[in-house]
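A.B. asks: From the sequence below, what's the structure:
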Amino acid sequence: MIRQSPMPSGERYIYKSTEEERAYESSYLKPEEAHARAKAVLSEYEIKPEIFVGLYNDDMLKRDAEEVARLEGTFEQTPSQIYADILEAVTCEQGELSEWFGARSQVIKTARFDDIKNKIDMVVETESEDRQFSHLALGIDVTFGNRDLHKKFDAIRANIDKGKLGQVKYFHSDRQHMTGRLQKVPQVVVGVEIERVKELGLLWMNRRNKELREHPVQMAILEEAALQLKTFAEYAARTDKKDLVDILERELQKINELSEEKRKAGIKSIGQDKVFEEIKRNLQMFNV
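C.D. replies: Coordinates of the predicted model:
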């Protein structure tokens with residue numbers, strides 16, 4: 001393509017060659033293209049309920065599928081949801097490819113049921129040197145100043161009050177040779193503001209894997225997770241949920257050790273971020 005631009009006098013001149021045009025266009029994220037790729041990635045990697053045939057009865061599988069369809073019909077395709085999908089896809093793919101969660105971790109994309117009903121977009125599964133497995137459930141959010149984020153933390157607090165953590169009804173792990181329900185999973189909400197997602201999405205669309213491997217968004221995710229795990233563990237301790245404290249503190253230690261490794265490797269923190277600040281504000285509900 002060759003672009004033309006008007007001169008002040010109204011005359012026109014050619015100012016970009018085809019090669020320059022391609023370079024120009026690759027420096028701006030096209031949300032519709034990035035979202036199409038994100039949806040394809042998420043659809044490819046998400047757990048499929050069909051593998052649970054025989055484990056769960058047909059009536060349950062049917063009811064859950066109908067509930068997912070009903071809820072999906074109520075969703076609006078808002079700009080924030082588009083960017084949340086992009087961030088989720090990048091995190092799902094690069095979390096493993098670029099070792100955002102460490103060399104011994106894999107990222108498991110949840111089934112639509114757990115995404116919608118349990119607010120868990122993915123599970124980070126980490127294998128220790130003695131072949132023990134731990135899990136961290138992630139929900140992705142790119143919004144701030146809205147009620148939805150508050151509701152997610154309200155649900156997490158209500159679970160702790162009941163002596164529970166997150167649960168994934170449709171869970172499958174090849175490494176563990178496990179298919180079934182995953183319970184008492186530390187659950188956190190992570191995200192960054194949309195402008196940062198645009199930057200991240202542009203690198204992703206241009207296949208800039210070296211920059212993605214070192215991108216500070218991974219540090220923001222780890223720092224947000226660590227702050228929440230610490231807050232939840234302290235709240236569980238104050239409410240006499242000793243078994244939950246042990247689970248949360250083990251995951252917190254793992255995240256802190258990984259964050260320190262990344263800092264030593266020169267990966268920087270992200271700095272001020274509106275979504276991170278909103279997460280901090282919402283965590284105040286655990287102080288009462």
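
A.B. asks: Mind jotting down where the helices sit in the stretch 151-288 of the chain?
C.D. replies: 194-205, 209-213, 217-238, 242-264, 274-282 (DSSP state H, counting those that start in this stretch).

A.B. asks: now the angle from the last one to helix 217-238?
C.D. replies: Helix 274-282 and helix 217-238 meet at an angle of 10 degrees, taking axes from the mean of the first three to the mean of the last three CA atoms, to 10 degrees as the criterion.

A.B. asks: Residues in contact with helix 274-282: which ones?
C.D. replies: 141-145, 149-150, 153, 189-193, 220, 223-224, 227-228, 270 (CB atoms under 8 Å, 6 or more residues apart in numbering). No exception for glycine: its C-beta is placed from N, CA and C like everyone else's.

A.B. asks: again, 10 Å this time
C.D. replies: 87, 141-146, 149-154, 156-157, 188-197, 220-221, 223-224, 227-228, 231, 269-270, 273 (CB atoms under 10 Å, 6 or more residues apart in numbering).

A.B. asks: Now distance to L165 too, for the helices of the stretch 151-288 of the chain, in TSV please.
C.D. replies: As requested, the helices of the stretch 151-288 of the chain are exported to TSV (distance: least, CB to CB, whole Å):
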stretch	distance to L165
helix 194-205	28
helix 209-213	30
helix 217-238	8
helix 242-264	6
helix 274-282	18
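
A.B. asks: Backbone dihedrals for the residue nearest to K48 when sequence neighbours are not counted, both of them.
C.D. replies: With CB to CB, 6 or more residues apart in numbering as the criterion, K48 has its nearest non-adjacent residue at 7.0 Å, and that residue is A111. With angles defined as degrees, to the nearest 10, A111 shows backbone torsions of phi -70, psi 160.

A.B. asks: What of S269?
C.D. replies: Dihedral angles for S269 - degrees, to the nearest 10 - are phi -80, psi 160.

A.B. asks: next one: K241
C.D. replies: Dihedral angles phi and psi of K241 (degrees, to the nearest 10) take the values phi -110, psi 70.

A.B. asks: what's around the nearest residue to it once chain neighbours are set aside, how many residues?
C.D. replies: Counting by CB to CB, 6+ apart, K241 lies nearest to G163, which is 5.6 Å off, once chain neighbours are set aside. Burial of G163 is recorded as 14 neighbouring residues (other CB atoms under 10 Å).

A.B. asks: isn't G163 right up against D240?
C.D. replies: Yes: the pair G163 and D240 passes the contact test of CB atoms under 10 Å, sitting 9.4 Å apart.

A.B. asks: For the helix or strand encompassing S43, which residues meet the burial criterion?
C.D. replies: Taking DSSP states H and E as the criterion, the element that holds S43 is helix 31-45. Residues of helix 31-45 classed as buried under the neighbour-count rule (16 or more other CB atoms under 10 Å) are 31, 34-35, 37-38, 41-42, 45.
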